[in-house]
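# please find the sequence and the predicted model below.
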Amino acid sequence: MLRLFRPVAGFRAARLAAQKTRSASPRQSITVQRVRFAFSPRKFVRNAFVGGCVTYLCYQYYDAKVISPILQFLDREYDSLSTKEKTELDKELENFDDSIFFPIPFTTAQVQSPPYRGSDPEWAQFSRISKDKPLQERIRNELAHEVKDMVEKHPMIGPRYGNSMRIRRYWLDIDFPPRPPPTFEQSGILWDDNGLHWAAEPIDSLTATQLHNILWPTAAAQSSWAYASTMAKQHWFQFQRLLGFDVPPPSGPLSQPRTAALDHPKFPSAGRQTPDGRSADAPSGSGKGSADMQPPNTAPSGGKTRFSKDVDPSLASNVPQMSTRPFMEFLAKLRKTWEPARPHPPRGSIIVSGFVELESQNSFIVIDVIGFWDPKKRALDSKSSVMKARRIQMKFQSPA
């Protein structure tokens, strides 16, 4: 019974000893030192005087060695100009805009242009072209030959189907758009003589399209999702096979790693572009070149585990497919959704759309095309033209 009180007595003795030791030790005094920062006017004036002198000397040296020679050179060049050139230069300087514009991201807006009116010069030009049948035939023939040249120079079609082609036939329609192509505006902060303002400045259609593709990479996101989903399906299928389940191979895009978009080469364009800024899908190709995925061979267990390589040799043969097929799906989705940046056609252009059939040594090639003919330049605008391979048919086919 007395043993229960021994720890309590020992704790009390230790506590009393600690208190005696703390009281016996001398206490240290804390010294607080106050510091006052005094302002010295004499030192401030001296530093300001020395800094001002150094700055003035540097400015005088820069003015004598850099600014003055440039101004003297400009004065000599201006004096050497004629009276007419001086007048034109003075007009350009008067119309010079010295404002600075700071664009803000994600503020690009598309503005629809008003329809053509009967008094517009573009509509009068449309009326003259609609009555000129020889000019219309020349425009169709010019677009057909441009398609032929593009196909012959294509790095995928030329070497495979022949570089020498002829125009077999074409069907091209000429349409007159009811309104000009849309314009684009970029909002931001404008700094001019009156101060800072929130304003909108017009930008080029090509710049707006490139900016949209950078800020909203839709094609890259969809292609990455197709790659990840195909890889996940393959891993799940292989995991089920490892557990011994007899499951069928995944269907859908996984069973057809090579799509028509990969078998039939097409031009760097993912869709049509109409003059009002909207996209219209071109007719898709009808090529068939898919290879069905064969299910792995099922090896008998023989009393051994299913996790060993000697039991299921198909696992080793499917390792390259685990990385090849998702990548093929990535490429197919990217070619289907990617739209290269193209500028809108010039104002007043007419639309020439249809198909052109070409004949080579071993095949027939049908190309869907939409082009724009500029009446001001009297030529096709090749930058805004869109071409896409619809069908490639071989002349001689052999059985598999």
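Sure thing, it's come through. Owing to the predicted nature of the structure, the values given are computational and were not obtained by experimental measurement.
# what about the strands in the stretch 301-400 of the chain?
Assigned by DSSP state E, counting those that start in this stretch, the stretch 301-400 of the chain shows strands spanning 350-359, 363-374, 379-380, 386-394.
# repeat that for the stretch 101-250 of the chain.
Using DSSP E, counting those that start in this stretch, strands in the stretch 101-250 of the chain cover 166-175, 183-192, 195-203.
# buried deepest among those strands, which one?
Burial among these, expressed as mean neighbours by mean count of other C-beta atoms under 10 Å, is greatest for strand 183-192, which shows a mean of 17. Glycine gets a C-beta too; all of them are placed from N, C-alpha and C.
# got the angle between it and strand 195-203?
If you take axes from the mean of the first three to the mean of the last three C-alpha atoms, to 10 degrees, strand 183-192 sits at 160 degrees to strand 195-203.
# hmm, who's touching strand 183-192?
Outside strand 183-192, the residues within contact range by C-beta atoms under 8 Å, 6 or more residues apart in numbering are 98-104, 107-111, 113, 196-205, 207-208.
# gap between it and the chain center?
Distance of strand 183-192 from the chain centroid (C-alpha atoms, centre = their mean, to the nearest Å) equals 22 Å.
# now do that strand, average pLDDT.
The pLDDT scores in strand 183-192 average 90.
# with stretch 47-62 instead?
For stretch 47-62, the mean pLDDT works out to 94.
# likewise for stretch 362-374?
93.
# now do stretch 200-215
Mean pLDDT, computed over stretch 200-215, is 88.
# name the residues of that stretch that are buried.
Ala200, Ser205, Ala208, Thr209, Leu211, His212, Asn213 (16 or more other C-beta atoms under 10 Å).
# got a list of what the first one touches?
Right, the one you point to is Ala200. With contact taken as C-beta under 8 Å, 6+ apart, Ala200 is in contact with Ala109, Glu185, Gln186, Ser187, Gly188.
# got the residues you listed as TSV, with distance to Tyr78 columns?
As requested, these are arranged in TSV below (distance: C-beta to C-beta, whole Å):
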residue	distance to Tyr78
Ala109	42
Glu185	38
Gln186	36
Ser187	39
Gly188	35
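# tell me how far Ala341 lies from Gln210.
To Gln210, Ala341 is 5 Å away according to C-beta to C-beta, to the nearest Å.
# re the thing from before, for Glu152, find the nearest of the strands of the stretch 301-400 of the chain.
strand 350-359 (8.7 Å; C-beta to C-beta).
# paired strands for that closest one, with orientation please.
strand 166-175 (antiparallel), strand 363-374 (antiparallel) (DSSP bridges).
# what's the closest of these to Leu71?
Of all those, it is strand 363-374 that lies closest to Leu71, at 44.5 Å by C-beta to C-beta.
# okay, the buried residues of stretch 200-215 in TSV with distance to Val50 next?
As requested, the buried residues of stretch 200-215 are exported to TSV (distance: C-beta to C-beta, whole Å):
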residue	distance to Val50
Ala200	50
Ser205	57
Ala208	54
Thr209	57
Leu211	51
His212	56
Asn213	56
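# closest to Ala379 among those?
Comparing the buried residues of stretch 200-215 against Ala379 with C-beta to C-beta picks out Ser205 as the nearest, at 19.2 Å.
# what sits closest to the closest one if chain neighbours are left out?
Distance criterion C-beta to C-beta, 6 or more residues apart in numbering; nearest residue to Ser205, sequence neighbours excluded, is His344 at 4.1 Å.
# surely the one you found and Ile203 touch.
No - using C-beta atoms under 8 Å, His344 makes no contact with Ile203, being 11.8 Å away.
# which residues touch Ser360?
Ser360 makes contact with Tyr161, Gly162, Ser164, Met165, according to C-beta under 8 Å, 6+ apart.
# just checking, the third one touches Asn362?
Spelled out, it's Ser164. No - with contact defined as C-beta under 8 Å, Ser164 does not reach Asn362; the gap is 11.1 Å.
# returning to what we had before: nearest to Thr230 among the strands of the stretch 301-400 of the chain would be which one?
Nearest to Thr230 among the strands of the stretch 301-400 of the chain is strand 386-394 (25.3 Å), distances taken as C-beta to C-beta.
# and the closest one with strand 350-359, angle?
Here the directions of strand 386-394 and strand 350-359 differ by 20 degrees (the same axes, to 10 degrees).
# pLDDT of strand 386-394, averaged?
90.
# mind giving me the packing neighbours of that strand?
Using 3 or more C-beta pairs under 8 Å, 6 or more residues apart in numbering; DSSP states H and E, the elements in contact with strand 386-394 are helix 157-161, strand 363-374.
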